[in-house]
Structures are given as C-alpha cells and as structure tokens.
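Enquirer: I'd like to go over a predicted model; first the sequence, then the structure.
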Amino acid sequence: MKATIKGLISLYRPGYLRTLVYMLQNTEYQSGAYLKWFWRTKDFTTVMRRRTLQPTKAARLLLLALAIVSGIQIAVALCLIYMGIWHHLVGGVAFGAAIFVACPVLTAHLAVIPLLLGRWFITEPARQRLIEQSKHIFAEYDGVKIAVAGSYGKTTMKELLNTVLAEGIEVAATPANKNVSISHANFAKKLTGDEEVLIIEYGEGGPGDVARFAQITQPTHAIITGLAPAHLDRYKTLQAAGEDIFAVADYLQGRQVYVNDESPSVKPFLKKSYQLFDARGALGWKTEKIKVDLRGTGFTLKKGKRTLKLQSGLIGHHQVGYLALVAALALEFGLTDKQVQAGIAKTTPFEHRMQPYRLSGAWIIDDTYNGNLEGIRAGTQLLRELKAPRKIYVTPGLVDQGSDVERVHHEVGKLIAGAKPDMVVLMKNSVTPSIEQGLRDAKYRGEIRIETNPLDFYTNLTHFIAANDLVLMQNDWPDNYA
C-alpha cells in the first residue's frame, strides 16, 4: 500500500517532467518503447538510477514544451473548478478535478504527439532523401567496400581494420557505433573520393535491416564477426537474427565473405564459399605462441616459411582470430610485413570493451559495453586465464534476450562459475534469479553479492576493492529495462 501511494505521489513531484524527458531520451525518442516503460513504472522517483538527463537542445525544448502543456492543463482544470463552484455546477467541478488529477498521465502521452508529427512530416522524409542520395554515392565508388556485420564484435573489427589498413592505404570507416542507414548516409556525404577502402559497420535491430544496408552500400567484401542471442525482442529467434546477418553474404553470393568460426551459432549458416577465421588463423595463415596478459595479446602468424610476430594492446584470446584476419587481409591489400606489425601494435582496447585500467592498486577490466552471451563467454575465459590473488566478476545480465531470457542467463551463471571468481556481484533486476540458479547448478562455491543500487556500487568501487584484485565488469542494464 505504501509503495502504491509513493508511486502516485511521484507523478506530482517537481522532477516528474524531467523524468519523462529522460525516459524519451533513453528510448531514443521511440514512442512505443517509451510508453511501455511509462506504464511499467510504479515509482517515477526510481527511474534515473544509472544515468541522468543529458541537457541536449532537443531535451531542453521538450522539457519546456511539457512544462507549457502541463501549465495549460492545470490552468484549464482550475478554471473549470472555479467556474463550477461559482455557478454551482457539480459536473464542471468534477471534470476540472479529473483533468487536474490526470494531468501527469495526459502530459506523458501528449509528449508523443510532436514526436510522431515531426517524424512523419519532417524527419522521415528528410532521412529517406539522404539515404537515397547515399545509395548513388556508394554505387559510384569503385574501390573496396567492406561490410562488417554480426551480433557482437562489429565495432572492434571495424576499428582494427581502420587502424591497420591506414598504415599503407587511404581508408575511411563509419564512426563509433554509428551503424544504421542514416549513419551510413552521413558517412557517405563526407567521403572525398580519395579513399581506397571503405569500412561500413552494419547494425541489426530487426528483420530486413542487414539486407537493406547491403542494397544501399553495395559492399565488395563482408566480415561476419559472430552470432549470439541479441535484439531478440525484435527478431524473436536466433535463427531469424542469423538469417538477417547472413543476408550480406547472400548479397555477395558467398564471394569474399569472411566468417568467425569460433561462434558456434553460425554453423547452420556456413557455406563452402565462405572463408573462415578464428584463433587458429585466417586465410591460410596459422597462429602460434599465443600469449595473453593485462598488457595485451601477442602471437605469431605463419604461412609456409613466412613468419610475422604480432603484438596488440587488445586483451583476450578471443581477439586473436580478429587480429589474424585483419593482418591477413592487410597483406592481401598490399601492405608490407612492417606496416602490418606497426598497425597491429597500435591497436588498443576501445572504451568499455575489455578495457583494463588501474584503480587503487587493483586491475579493473571494463567490458560494460558488451551485451551478448559470446561476450560473456570470452570474458569469463579471460578471467579464468589471468592470475590474481582475488578475482571479482560483476554483471547485471543481458537485455533483449526475448523468450530465451531464462535459458541464456542460466548459461551465464554456469559460465561465471566456470571462471571460478572469488566473488560474483549481480545487479538486482529481472534476470538475477536465473543467473543465481545457473551458479548454484554449476556448484559455485564463492561469495554472491546482490546490489540493489548499481550507481552507488560503481561510484564507490574504490571502497569495495583491494590492491592486486582483478575485477571484470561486463554489460550494462539501461534504466528502461525491468
């Protein structure tokens, strides 16, 4: 009862409108996702648990608009109540009171109207024009266009290619994790025409996405980094996700398609024409003498009598296959051995992707951008391999796992147990019980700690760790997930 009253009161608190804008911002102004979150929320004071509102121009304008809308509703409600009292109209008083009471809910729904109108009449037409223009730009480009697709590892592969190929040729790559049609269009606009290789990352949000990207960007090569349960709220099944990702291979009719063979879920989609890569090697090159520590990953590439010693700042055995393919492709594109070695030496961990740093004498590995089962598999393998007096594993679990959510998180628990950390820290949410069950079924004997305030935990991490600890933090859990 107290929780219900507190939730109702939260609708009328001063920060309520700011919370609505935060919810819209964190769902990327998608009305459907925003409204689902709104109706799932029982107490709006608990919404901003992990982040705060970013004061962008759009956010400020929307906050002002909601304040005006709320003010108008309250003014109308008070006028109706006043007039009803003055003229002894019970119905007018009741109607005014109803508007006043319903004002927070009405405001939340009225916020969607300008978004829909703007999308239908302004944003979407402009977006479609820009995408159509980019299709012509990509069609006229006669150099190498490498599409990078997969459930995970796309940005890593793209940045590796960009870093290494740039040692010997002109290359351009889509920025950060901008990997949808409008991002590709903005990328195309900035091309100078001097580029010899384009690297285009493909995101996958729902059925048909990758096939559409291929038709627009018209790649000459494709790299598929792996397949794992992700975005299953839209794809529904892993099979459907795989069919979409491999649409780029179909576009190329299997020619110059490179697939990460370490990903077990890709097996049903493989064809003889595909060229496979993994930690054992790529394109006829074999890996030897692999060494992984917190300073990076080193190995030797060998093909016949030819040998290359490579050292990367990336950490993890799972990076070897990616590095091997990038090195092999760079050699095929005409780079020298020294250029490849120099390029690989420049590769370092990307922000929040297996990124190690020191904190109060402990080693922290930040892999919070990761969001899939194969990433968990790679992380727990790394934790198992590295030496430390005390090992701590931290995760909230995975989002967008669809109907497989319980099975996937049971597997997560088993993988964590297999790494044998001294402590497991779980951020309490809807998947926590499934991870705990997986840990118990795998007979995990270490300490399990459940955190109800993730922001407080991460902010005060220095009070939790000791010198020489090894802490692996994997995945993030946005506020719009239960």
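Expert: Received it, and whenever you're ready, just let me know what you need.

Enquirer: now do the strands in the stretch 351-482 of the chain.
Expert: 355-359, 362-367, 390-395, 423-427, 447-451, 469-474 (DSSP state E, counting those that start in this stretch).

Enquirer: how about these in TSV, adding mean neighbour count?
Expert: The way it works is simple: take the backbone N, C-alpha and C, and place the C-beta from them, glycine included. Listed next are these as TSV, based on neighbours: other C-beta atoms under 10 Å:
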stretch	mean neighbour count
strand 355-359	14
strand 362-367	21
strand 390-395	23
strand 423-427	21
strand 447-451	14
strand 469-474	23
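
Enquirer: how about TSV for the ones you listed, with distance to residue 204 and mean pLDDT added?
Expert: Output for those, formatted as TSV (distance: least, C-beta to C-beta, whole Å; pLDDT from 0 to 100):
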stretch	distance to residue 204	mean pLDDT
strand 355-359	24	93
strand 362-367	20	94
strand 390-395	23	96
strand 423-427	26	95
strand 447-451	31	94
strand 469-474	21	95
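
Enquirer: any chance of CSV for those, columns distance to residue 126?
Expert: Shown next, in CSV, are the strands of the stretch 351-482 of the chain (distance: least, C-beta to C-beta, whole Å):
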stretch, distance to residue 126
strand 355-359, 36
strand 362-367, 37
strand 390-395, 40
strand 423-427, 39
strand 447-451, 44
strand 469-474, 38
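
Enquirer: check contacts around the closest residue to residue 465 other than its chain neighbours.
Expert: Excluding the flanking residues, the one nearest residue 465 by C-beta to C-beta, 6 or more residues apart in numbering is residue 362, at 4.3 Å. Residue 362 makes contacts with 465-471, as judged by C-beta atoms under 8 Å, 6 or more residues apart in numbering.

Enquirer: farthest-apart pair in these, please.
Expert: 467 and 471 (12.0 Å; C-beta to C-beta).

Enquirer: which pLDDT value belongs to the closest residue to residue 451 other than its chain neighbours?
Expert: Spatially, and ignoring its direct neighbours in sequence, residue 451 is nearest to residue 457 (4.6 Å; C-beta to C-beta, 6+ apart). Note on residue 457: pLDDT of 87.

Enquirer: ok, the one 4 residues further on next?
Expert: You'll see residue 461 listed with a pLDDT of 90.

Enquirer: can you tell me how far it sits from residue 415?
Expert: As judged by C-beta to C-beta, to the nearest Å, residue 461 and residue 415 stand 23 Å apart.

Enquirer: with residue 321 instead?
Expert: Counting by C-beta to C-beta - residue 321 and residue 415 are separated by 19 Å.

Enquirer: who's in contact with the residue nearest to residue 451?
Expert: Residue 457 neighbours (C-beta under 8 Å, 6+ apart): 425, 427, 451, 464.

Enquirer: could I get the residues you listed in TSV, plus columns for distance to residue 355?
Expert: Below are these laid out as TSV (distance: C-beta to C-beta, whole Å):
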residue	distance to residue 355
425	18
427	19
451	21
464	19
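
Enquirer: on that earlier part again, more neighbours, residue 461 and residue 415?
Expert: Neighbours per residue, other C-beta atoms under 10 Å: of residue 461 and residue 415, the larger number sits with residue 415, 23 against 17.

Enquirer: ok, and the closest non-adjacent residue to that one?
Expert: Using C-beta to C-beta, 6+ apart, the closest residue to residue 415 is residue 380 (4.6 Å).

Enquirer: compute the first-to-last residue distance for stretch 149-159.
Expert: With C-alpha to C-alpha, to the nearest Å as the measure, stretch 149-159 spans 13 Å from end to end.

Enquirer: and that stretch, what's buried?
Expert: For stretch 149-159, burial by neighbour count (16 or more other C-beta atoms under 10 Å) applies to 149-159.

Enquirer: determine which two of these are furthest apart.
Expert: Greatest spacing in the buried residues of stretch 149-159, by C-beta to C-beta: 151 and 159 (17.3 Å).

Enquirer: contacts only, for residue 239.
Expert: Residue 239 is in contact with residue 268, counting by C-beta under 8 Å, 6+ apart.

Enquirer: check which element follows the host helix or strand of it along the chain.
Expert: In the assignment (DSSP states H and E), residue 239 maps to helix 238-245. Using DSSP H and E, the helix or strand that follows helix 238-245 in sequence is helix 247-251.

Enquirer: average model confidence for that following helix?
Expert: The model assigns helix 247-251 a mean pLDDT of 97.

Enquirer: what ranges does the stretch 301-450 of the chain have for its helices?
Expert: 320-332, 337-345, 373-385, 405-419, 432-441 (DSSP state H, counting those that start in this stretch).

Enquirer: check those for me and report the most buried one.
Expert: Most buried of the helices of the stretch 301-450 of the chain by mean neighbour count (mean count of other C-beta atoms under 10 Å) is helix 320-332; its value is a mean of 24.

Enquirer: and the contacts of stretch 50-69?
Expert: 17-18, 20-22, 24-26, 29, 107, 110-111, 114, 454-455, 476-479.

Enquirer: average pLDDT across it?
Expert: Stretch 50-69 comes out at a mean pLDDT of 86.

Enquirer: which residues touch the residue nearest to residue 415?
Expert: Contacts of residue 380 (C-beta under 8 Å, 6+ apart): 393, 415-416, 418-419.

Enquirer: circling back to that earlier point, gap between the residue nearest to residue 451 and residue 57?
Expert: Distance from residue 457 to residue 57, by C-beta to C-beta: 32 Å.
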